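> Task: produce atomic coordinates for the following.
(2 chains)
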Amino acid sequence: MEWFDALVQGVLLGGMYAQYALGMALMFGVMRIVNISHGDLVILLSLIGISIATAWGLGPLPVLIVLVPLAVLMGWVLQKAVLNRVVGSDPLPSLIATFGLSIALQNLMLQIWSANSRSLPGHGIESQSIEIGGIYVGLLPLIVLAVATGLTWGLDLALKRTRLGRALRAASADVEAAAMTGINPRAVYAMATAAAVGILGFAAVFQALRSTVAPADGPAQLIYAFEAVIIGGMGTVWGAFAGSMVLGISQAIGFRIDPGFGVLAGHIVFLIVLATRPQGLFGKALS
Amino acid sequence: MSAIPYTATEVPEVLVQRQTRSGRIAMTLAVLAMIGVAAMPWWASTGTIRSVLVLCCYIAVAQMWNLLAGYAGLVSVGQHAFMGAAGYALFVLAQTYGINPFVAVFLSLLVPAALAVPIYLLLHRLDGPYFSIGTWVVAEVFRLTASNLPLVNSGAGMSLRVMKDYSAFERNVAMSLLCAGMLLVTLGGSYWLLRSRFGLALIAMRDNPVAAASQGVNVVKLRFLIYVASAVGCGLAGAIYFMAQLRITPGSAFDPMWANVAIFIVMVGGIGSIEGVLIGSLIFFIADRWFGEYGATYFVVLGLMTLLVALYARTGIWGLISKRWDAPWFPIRRKLVDPNR
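This is a model prediction of the structure:
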C-alpha cells in the first residue's frame, strides 16, 4: 500500500514535470535549441504571479489568466530578440546566449525578490484532498495532472491538425524545404517559443501553489524537464509526458527509500535509460 | 578506362615558417611569467600567492573548456564535476589514507580520468545541446552522491588537517610549483597539441567536423580523447584549488560557478584561441576583485555580457584584435616562405 501510494504520488508529481517538459520538447523538436533559461523563466513567471496576487488580492485562477498571455509574450520576445539570431546547426551560440540569460535572470530576480522562498496563496485549494480507493489524494496535484494531460493532448492535436502545426512540423523536418513552400521559418519559430513559454505560464502558477519558489530554483526545473524529455524519447509530446511520469515515479519511490535519495533516484533512472535505451523509452530507434 | 598519366611536378624549394616575431616575444614573456610564478615564495606574500593561485585555476579551467567547446565542439556546462571529484580524491587520499598530500595531488587525477571514460560513452549519445545539459546532470549526480557518501563525510565535508605538518613557507613553495606546473600542462600542453599533427586535425574538426572526417580525421576518437584530457586538466585545477582552500564540501566542490567562469572567460576573451583565454582570465580576475562586492548586480552584468558576445561578437576580444593586427602570441599556423624571393 505504501508503494502504491508512492506510485500515485509519483504520477501526480509527473504532472508537474510534464508542464516543464512539453515546452522543451517543442523547442528542441522545431529548432534543435535548448533554452538554458527554461527553468528560470518558470521561476520569473511564478514570482511575477505571486507579486500580482498580493498586490491586487487575486486568487489562483485570475493569476493564471494574467500570467499565460504574459508568458506567451515573453516567449515571442525571447525568440525575436535572442533566439532567432543564434538558431542554426552549431549548438554553441544558442547555448551560450541562453546560459548568459539564465545567469542574468537569476541574479535579477535575486535583486528584485531577494533570496526568500515564496508561494502563491491558494485560498484553501492546496490543502483539500479526496479519497480514492483507500488513499487520500490532494486536489491540487490532481488538477495539475489533469491540466498537464489537457495541455499535452491539445499540443499534440494542434501539431497534427492545424495550419500552424503543419508549418511547425514542416520547419522541424527540413527548414529549407519548408521555406520554399512559403513558410517563414522565423515566424514559425516565434510561434513555437511563444507556445513553449506560454505552457510555462501554467507551470509557474502550479509550481507556486503546490510548493515554494526562490530565485535560485530555476536550474533544477531545467534539469527535470530535460530528464523527462530524454527518458520519454525525443520528438513526441506524448513521449515527454510519459517521461515526466517515469521521472516523477522514480523520484517519489526514491524519497520513500530515503529523503536524501529522491532527486538522485531520478538522475539514476535517467542515466540507466541513457545507457540502455538512448532513444528513450517511447522513442523510435534510429536504424 | 586507362590510368591518367602522372607527371611528377617539380616541388618548389620553400621553407615552412612556424614562428613569428610576436610569437617569440610572447613565448619569452610566458616563460618569464612561469618562472615568476614558480618563484613566488621568494618575492610574494601569502595573500598574493593565493590570488595568483586562483587566477591560475581560472586560466586552467577556461583553457580546458576552450579545448572542449572551441575545438572538439563539445559544449560542457558540467566540468566542475571533475574539479570536485579530484578535490575529494585528494582529501580522501591525504586525510583518510595518510598519503603525502603533494603526491596525492597527482594520484587524485586518476579519479577524473577514470570517471570521464564511462561518462563520455554515456553522454555522447545525446545530441548537441542535450549533451550540455547531460554534463550538468552528471555534476549534480556527483554532488548528491558526495552528500550521501560516508567515505567523504557526507554533507558535512572534509578538512585537510594534514597540511599543518608543513610550515607556511613549505606550503607556499608547493603551491607555487603546482601553479607553474598546472600552467605548463594546461596552456603549454594545449599549445604543443595545437602545433602538432593533432592540432591540424583539431582545427579541421573545429571548422567542419564532417569535412574533417572525410579527410581522414578520426573525429569520434579525437573528441573522446579531448574530453578525457579536459577532465584531467579540470581535475588538476580542482585538486590544487581545494588543497589551498583546506576544506571541501559537496556544495563548494561541485559549484556551477566554475561553469560560469569558464564560459565567461572563453566567450569574452575569444573562443578557439589561447590568447583569448589569457585575456578573458585577466578581465574576469580584475572584474571579480573590483566589482565582486556588488554581488547580484555584478552577475547580471556578467550574464548580459555573455549573452551579447554570443549574439554580436562570437569571436570575442581576441577575434576583434586579430582582425586588426596580425600578431599572434601563440602562432599555430604553417606559413610557406620562398627563400629565393
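
> Mind telling me what element the residue at minimal distance from the centre of chain B is part of?
With distances taken as C-alpha atoms, centre = their mean, B:M64 lies nearest the centre of chain B, 2.3 Å away. Using DSSP states H and E, B:M64 sits within helix B:46-66.

> helices or strands next to that helix in the packing?
helix B:168-183, helix B:219-245, helix B:257-269, helix B:274-291 (3 or more C-beta pairs under 8 Å, 6 or more residues apart in numbering or on different chains; DSSP states H and E). Where you see a C-beta, it was placed from the backbone N, CA and C, and this is true even at glycine.

> Name the SS class of B:I332, please.
Look at B:I332: counting by DSSP: H, G, I helix; E, B strand; the rest coil, its state is coil.

> number of nearby residues for it?
The local packing of B:I332 (other C-beta atoms under 10 Å in any protein chain shown) involves 18 other residues.

> same thing with A:A171?
25.

> ok, it - contacts?
A:30, A:178, A:183, A:185, A:188-189 (C-beta atoms under 8 Å, 6 or more residues apart in numbering or on different chains).

> quick one on the thing from earlier: tell me who's in contact with the residue nearest to the centre of chain B.
Counted by C-beta under 8 Å, 6+ apart, B:M64 has contacts B:79, B:186, B:229-230, B:233-234, B:237, B:262.

> let's go with 7 Å and repeat that
Counting by C-beta atoms under 7 Å, 6 or more residues apart in numbering or on different chains, B:M64 makes contact with B:79, B:186, B:230, B:233-234.

> Next: A:V263.
A:251, B:144.

> Likewise for A:G280?
So A:G280 contacts A:230-234, A:239, A:243, A:273 (C-beta under 7 Å, 6+ apart).

> Could you point out the longest helix of chain A?
In terms of residue count, the longest helix belonging to chain A (DSSP state H) is helix A:2-31.

> Okay, buried residues for that helix please.
A:6, A:8-31 (16 or more other C-beta atoms under 10 Å in any protein chain shown).

> for chain A, what spans make up the helices?
Going by DSSP H, chain A shows helices at A:2-31, A:38-56, A:60-78, A:84-86, A:91-113, A:139-161, A:163-173, A:175-180, A:185-210, A:218-232, A:237-257, A:262-276.

> Give me every residue in the stretch 1-150 of chain B lying close to chain A.
Applying C-beta under 7 Å from any C-beta of the partner chain, we find that the stretch 1-150 of chain B lies next to chain A at B:69, B:75, B:77, B:122, B:125, B:128-130, B:132-133, B:136-137, B:140-141, B:144, B:147-148.

> Only whichever of the residues you listed are buried, select them in ChimeraX.
Entered in ChimeraX, the line below selects the buried ones among those, by 16+ other C-beta under 10 Å:
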select /B:69,75,77,122,128,129,130,132,133,136,137,140,141,144,147
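
> B:G78 in helix, strand or coil?
coil.

> Show me which residues of the stretch 1-150 of chain A sit near chain B.
A:32-34, A:82, A:85-86, A:91-97, A:99-101, A:103-104, A:107-108, A:110-111.

> Report the buried members of these.
A:32-34, A:82, A:86, A:91-97, A:99-101, A:103-104, A:107-108, A:110.

> so where's the stretch 201-341 of chain B shaky on pLDDT?
Scanning the stretch 201-341 of chain B for pLDDT under 70 picks out B:341.

> So which residues on it come close to chain A?
Near chain A, when you scan the stretch 201-341 of chain B using C-beta under 7 Å from any C-beta, you find B:260, B:263, B:267, B:296-297, B:299-300, B:302-304, B:306-307, B:310-311, B:314.

> which of the residues you listed lies closest to B:V217?
Relative to B:V217, the closest of these is B:R314; by C-beta to C-beta it sits at 23.5 Å.

> from the helices and strands packed on helix B:46-66, which stretch is densest packed?
helix B:257-269 (a mean of 25; mean count of other C-beta atoms under 10 Å in any protein chain shown).

> ok so, going back, using ChimeraX, define a selection of the buried residues within the contacts of A:A171.
Selection of buried members from the contacts of A:A171 for ChimeraX, criterion 16+ other C-beta under 10 Å:
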select /A:30,178,183,185,188,189
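
> quick one: which of the contacts of A:A171 is nearest A:S51?
When the contacts of A:A171 are compared against A:S51 (criterion: C-beta to C-beta), the nearest one is A:Y189, at 30.1 Å.

> Which residues are in contact with B:M83?
By C-beta under 7 Å, 6+ apart, the neighbours of B:M83 are B:234-235, B:237-238, B:258.

> closest to chain A among the residues you listed?
Nearest to chain A, judged by C-beta to the nearest C-beta, of the contacts of B:M83 is B:W258 at 12.9 Å.

> Was I right to think the closest one contacts B:A60?
No: using C-beta atoms under 7 Å, B:W258 makes no contact with B:A60, being 10.8 Å away.

> and the helix or strand hosting B:L32, how far out from the chain's middle?
B:L32 is part of helix B:21-38 when elements are defined by DSSP H and E. Remark: helix B:21-38 is offset 19 Å from the chain centroid, using C-alpha atoms, centre = their mean, to the nearest Å.

> now swap in stretch B:110-120 and tell me
The answer for stretch B:110-120 is 16 Å, by C-alpha atoms, centre = their mean.

> got it, and stretch A:236-245?
11 Å.

> That one near chain B anywhere?
No: Stretch A:236-245 stays clear of chain B (C-beta under 7 Å from any C-beta), getting no nearer than 12.9 Å.

> How about the contacts made by A:I231?
A:243, A:246-247, A:269-270, A:273, A:280-281.

> switch the cut-off to 10 Å
A:21, A:239-240, A:242-247, A:250, A:266, A:269-270, A:272-274, A:277, A:280-283 (C-beta atoms under 10 Å, 6 or more residues apart in numbering or on different chains).

> Which PyMOL command selects the buried ones in those?
Listed next is the PyMOL selection for buried residues among the contacts of A:I231, using 16+ other C-beta under 10 Å:
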select buried, chain A and resi 21+239+240+242+243+244+245+246+247+250+266+269+270+273+274+280+282+283
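
> B:G73 - how many residues pack around it?
Other residues close to B:G73 by other C-beta under 10 Å number 19.

> My reading is that it lies in a helix. Confirm?
No: going by three-state DSSP, the assignment for B:G73 is coil, not a helix.

> Quick check: nearest residue in space to it, chain neighbours excluded?
Excluding the flanking residues, the one nearest B:G73 by C-beta to C-beta, 6 or more residues apart in numbering or on different chains is B:P209, at 6.1 Å.

> mind showing which ranges of chain A have poor pLDDT?
For chain A (pLDDT under 70), the answer is A:1, A:234-235, A:284-287.

> go again using 80 as the cut-off
A:1-2, A:89, A:122-127, A:132-135, A:234-236, A:260, A:282-287 (pLDDT under 80).

> circling back: which strands or helices does the helix holding B:L32 pack on?
Helices and strands touching helix B:21-38, by 3 or more C-beta pairs under 10 Å, 6 or more residues apart in numbering or on different chains; DSSP states H and E, are helix B:46-66, helix B:168-183, helix B:274-291.

> repeat that for 7 Å
On a contact count with 3 or more C-beta pairs under 7 Å, 6 or more residues apart in numbering or on different chains; DSSP states H and E, helix B:21-38 meets helix B:168-183.

> quick one: the helix it packs on to helix B:21-38, angle?
150 degrees (axes from the mean of the first three to the mean of the last three C-alpha atoms, to 10 degrees).
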